[in-house]
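Colleague: sequence first, then the predicted structure:
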Amino acid sequence: MLEARTLRKSFGRTTALDGASVEIGEGEVVAVTGPSGSGKSTLLHCLAGIIRPEAGEVLFAGRRLDTLDEDARTRLRRENFGVVFQFGELVPELTAEENVVLPLLFGGRGRRESLEAARSWLERLDVADCAGQRPAELSGGQLQRVAVARALAAEPRVIFADEPTGALDSLAGERVMGELVGAARESRATLVVVTHDNRVAAYADREIALRDGRVVAGATAATGGTAD
Ligand code: ADP
Ligand code: ADP
């Protein structure tokens, strides 16, 4: 349902992606691993339609994503994708609850339904007590849980997470990862998670390994498999 074909992307003289190809099936939970600077974040951003590769193709549900104009890409992202990045990226002026509610309203859900969904996800992620607080008042772990609640509440078909537990201690990180994977599996969402943490990769169905901007293992389900 998600495919990258020989992506190339450079930043100045740095080649971040150098012919990266990958196929991800519906409902798969995949971990993108590799050394720092190997292109993990860049690949995720290309798959999520956040940045555009210089060459190659990105397909979502059989449709070219990289050739869509900005508006169409934004709409497709909003309707189908949820993202969780390392540093929460919550709206600072809004409370935790409002941060979760907002994308639901944008997605066309009613006020009451949005509020109920937001509350139930905050509860599930163990941050119901933080509902009325603004991001500046929350700890790193709480911020991350609110960001996960926000991504999941919209019931996206694909969830992209970039080092979602990087800012957390290991116990808190494992809990958030467990929730993220559990919720993805329950809702049959596809989950693509960038990590350099082996314990996080162990949650995945498959590990996609990058090196120097290329996928060196796990490019397709057939070549993949976790470390067993
Ligand atoms: P990873 O996630 O594996 O650490 P990245 O995809 O973040 O790798 O980065 C790959 C390479 O591209 C690195 O050398 C990084 O410094 C560079 N890079 C990524 N994004 C940018 C950017 N916005 N501007 C300049 N260089 C970038
Ligand atoms: P990680 O390696 O943990 O994925 P990075 O620090 O490589 O994180 O990248 C975080 C974000 O910063 C990425 O989205 C990337 O686009 C941007 N970035 C990475 N390297 C550079 C750089 N040299 N200059 C500007 N932006 C960068």
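Modeller: Good, I have the coordinates. Residues are numbered from 1 along each chain as shown. Ligands and ions are numbered 1, 2, ... in the order given.

Colleague: helices or strands up against the worst-scoring helix or strand of the chain on mean pLDDT?
Modeller: Lowest on mean pLDDT, DSSP states H and E among the helices and strands of the chain sits helix 198-201, with a mean of 76. Judged by 3 or more Cβ pairs under 8 Å, 6 or more residues apart in numbering; DSSP states H and E, helix 198-201 is in contact with strand 29-33, helix 170-186. To be clear about C-beta, it is placed using only N, CA and C from the backbone, and glycine gets the same treatment.

Colleague: let's go with 10 Å and repeat that
Modeller: In terms of contacts (3 or more Cβ pairs under 10 Å, 6 or more residues apart in numbering; DSSP states H and E), helix 198-201 is packed against strand 29-33, helix 170-186, strand 190-194, strand 206-211.

Colleague: what is the orientation angle of the second one with strand 190-194?
Modeller: Here helix 170-186 runs at an angle of 150 degrees relative to strand 190-194 (axes from the mean of the first three to the mean of the last three Cα atoms, to 10 degrees).

Colleague: buried residues of helix 170-186, list them for me.
Modeller: 172-177, 179-181, 183-184 (16 or more other Cβ atoms under 10 Å).

Colleague: and the third one, by the same measure?
Modeller: Under the neighbour-count criterion of 16+ other Cβ under 10 Å, strand 190-194 has 190-194 buried.

Colleague: quick one, that strand and strand 29-33 angle?
Modeller: 20 degrees.

Colleague: equivalent analysis for the last one, please.
Modeller: Orientation check (the same axes, to 10 degrees): strand 206-211 against strand 29-33 gives 20 degrees.

Colleague: can you count the residues close to Glu89?
Modeller: 14 (other Cβ atoms under 10 Å).

Colleague: is it in a helix, a strand, or coil?
Modeller: Three-state assignment for Glu89 (DSSP: H, G, I helix; E, B strand; the rest coil): coil.

Colleague: quick check: phi and psi at the residue lying closest to it once chain neighbours are set aside.
Modeller: The spatially closest residue to Glu89, leaving aside those adjacent along the chain, is Ala147, at 6.8 Å (Cβ to Cβ, 6 or more residues apart in numbering). Main-chain dihedrals, Ala147, degrees, to the nearest 10: phi -60, psi -40.

Colleague: how much space separates the spatially most central residue of the chain from Ala118?
Modeller: Nearest residue to the geometric centre of the chain (Cα atoms, centre = their mean): Phe160, 1.4 Å. Going from Phe160 to Ala118 by Cβ to Cβ, to the nearest Å gives 20 Å.

Colleague: got it, and Thr14?
Modeller: 40 Å.

Colleague: which of these two has more neighbours?
Modeller: Higher neighbour count among Thr14 and Ala118: Ala118, with 25 against 11, using other Cβ under 10 Å.

Colleague: which stretch of helix or strand covers the more buried one?
Modeller: helix 111-124 (DSSP states H and E).

Colleague: list the buried ones in that helix?
Modeller: So, applying 16+ other Cβ under 10 Å, buried residues of helix 111-124: 114-115, 117-119, 121-122, 124.

Colleague: so can I have JSON lines of those residues showing distance to ligand 1 and pLDDT?
Modeller: Output for these, formatted as JSON lines (distance: Cβ to the nearest ligand atom, whole Å; pLDDT from 0 to 100):
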{"residue": "Ser114", "distance to ligand 1": "33", "pLDDT": "97"}
{"residue": "Leu115", "distance to ligand 1": "36", "pLDDT": "97"}
{"residue": "Ala117", "distance to ligand 1": "31", "pLDDT": "96"}
{"residue": "Ala118", "distance to ligand 1": "30", "pLDDT": "97"}
{"residue": "Arg119", "distance to ligand 1": "34", "pLDDT": "97"}
{"residue": "Trp121", "distance to ligand 1": "27", "pLDDT": "93"}
{"residue": "Leu122", "distance to ligand 1": "29", "pLDDT": "95"}
{"residue": "Arg124", "distance to ligand 1": "29", "pLDDT": "90"}
